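In: this is a predicted model, with the sequence first.
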Amino acid sequence: MTERTTSLGRSEVAGAMRAEADRLLDFALASRVEHGFGWLDESGRVTDRPLELWLTCRMTHVAALGLLGGRAEFAELVDHGVHALSGAFHDLTHGGWFASIDSGQPVDDRKQAYPHAFVLLAASSAVVAGRPGAAELLSLARQVHEEHFWVGSKNLVQESFSADWSSSEPYLGVNATMHTVEAFLAVHDVTGEPHYLDRAEAMTLQVARWARARDWRIPEHFDEDGRVMPDYNRERPADPFRPFGATVGHGLEWSRLALSVRASRMQASASYNGDELVTAATELADRAVADGWAVDGADGFVYTTDWDGHPVVRARMHWVVCEAIGAAYALGLVTGEKRWGDSLLTWWRYAERYLIDTDHGSWHHELDEHNLVSHGTWVGKPDVYHALQICLFVGDALPLAPSFATALAERMATERATR
């Protein structure tokens, strides 16, 4: 399949999305607190709750994207994030990073794969931005991940450990694996080391094959031996990180990531084809849209379905629409099919109508089945990671590879060279 470009109707949305990226960055400025970045409420005020490692990492990454996109005031925020990850969040005794802290002290001292993937992402983005201490942080993060999290025999990551790494959770999750793929692509762009791309591809193909066997619904939860647990968290179907059933938004997010893996491979090897990844990306997105979009009488994507595609949690999460827009953009670039441009426009208009908060900033993180603001799973507007990435992706017409920070840095270098 020959990669080709299409306008995707981007003339209708690109300017609006680039302007929205700046609004999101403005909102993010308020999240800085003494030991990292805090959880923001609906009005953009920091809430009184412990600081989460994943959140501080994602906002450090966001700050790096802001800086690389031309917002010089974000240099200080990148440095603040690197300092927090090198300081209060870092376990000097056992290594790795605490899951959460309060007043600079650990509240949850477990070592979790999901936020450790974001340590890799934040550190790599800070390296691209040329910030002090970033290279040392990335080196340490790579070492910790290599020693503890990567499970090569299963093409997954170990979910979590006790503080001293002596015991591990008898669970393997696709959510943490997905964000490790994202992080590995970014680290590959920074280091050039091929095994990160090899592993990202292996994880993506593994998940695609599991999904193909289940009519392209992704099994999310596995026991420690790699056996699927289809009923996991049935009693907690709206869990923010491990919901029961098939997670519609993950089908869309994996679709985009699959095409980024393929694009990275094509850059590394002129003979690489990657048709299996294009097929997987298309099937995953088609299944997610068929199961999730406007299936219960109102526009919006439901959060989860059962294994037959029936809605379980009908709340509309903002990140799912973001990933739908990203998948549509990526599939449009690769396939040239007009339907993806049409879908992108539909989903952006939905975001404009229901999700983007023009009064207080950022996007409402959760709506109910009637598209009214709700808080069943997410309270407030914790961060701007999903929305910012997609607004930059489409608004700046970024390529599928390299990853966001490197792509912005390359664009900045090109612009400087042509002035």
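Out: Right, received. Where do you want to start? Numbers count the residues shown, from 1 in each chain.
In: mind exporting the longest helix along the chain as PDB, just the C-alpha atoms?
Out: Longest helix of the chain, by residue count under DSSP state H: helix 248-268. This file holds the C-alpha atoms of helix 248-268, laid out as PDB (Å, rounded to 0.1, in the frame of the first residue of the first chain):
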ATOM      1  CA  VAL A 248     -13.800   1.700  22.700                       C
ATOM      2  CA  GLY A 249     -11.200   4.400  22.900                       C
ATOM      3  CA  HIS A 250      -8.400   2.000  23.100                       C
ATOM      4  CA  GLY A 251      -9.400   0.500  19.800                       C
ATOM      5  CA  LEU A 252      -9.000   4.000  18.300                       C
ATOM      6  CA  GLU A 253      -5.800   4.800  20.200                       C
ATOM      7  CA  TRP A 254      -4.200   1.500  19.100                       C
ATOM      8  CA  SER A 255      -5.300   2.300  15.500                       C
ATOM      9  CA  ARG A 256      -3.300   5.500  15.500                       C
ATOM     10  CA  LEU A 257      -0.300   3.900  17.300                       C
ATOM     11  CA  ALA A 258      -0.200   1.000  14.800                       C
ATOM     12  CA  LEU A 259       0.100   3.500  11.900                       C
ATOM     13  CA  SER A 260       2.800   5.400  13.800                       C
ATOM     14  CA  VAL A 261       4.700   2.100  14.300                       C
ATOM     15  CA  ARG A 262       4.400   1.400  10.600                       C
ATOM     16  CA  ALA A 263       5.600   4.900   9.700                       C
ATOM     17  CA  SER A 264       8.600   4.600  12.000                       C
ATOM     18  CA  ARG A 265       9.500   1.200  10.400                       C
ATOM     19  CA  MET A 266       9.200   2.700   6.900                       C
ATOM     20  CA  GLN A 267      11.600   5.500   7.800                       C
ATOM     21  CA  ALA A 268      14.000   2.900   9.100                       C
END
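In: mean confidence for that helix?
Out: On average, the pLDDT along helix 248-268 is 98.
In: and what of stretch 163-175?
Out: Regarding stretch 163-175, the rounded mean pLDDT is 97.
In: just the buried positions in the longest helix of the chain, please.
Out: Buried residues in helix 248-268, defined by neighbour count with 16 or more other Cβ atoms under 10 Å: 248-266. The way it works is simple: take the backbone N, C-alpha and C, and place the C-beta from them, glycine included.
In: show me what it is packed against.
Out: Applying 3 or more Cβ pairs under 8 Å, 6 or more residues apart in numbering; DSSP states H and E, we find helix 248-268 packed against helix 174-191, helix 194-212, helix 275-292, helix 318-335.
In: mind doing that once more with 6 Å?
Out: On a contact count with 3 or more Cβ pairs under 6 Å, 6 or more residues apart in numbering; DSSP states H and E, helix 248-268 meets helix 194-212, helix 275-292, helix 318-335.
In: just name the most buried of these.
Out: With neighbours taken as mean count of other Cβ atoms under 10 Å, those reach their highest mean count in helix 318-335, at a mean of 26.
In: next, the angle from that helix to helix 248-268.
Out: Orientation of helix 318-335 against helix 248-268 (axes from the mean of the first three to the mean of the last three Cα atoms, to 10 degrees) gives an angle of 40 degrees.
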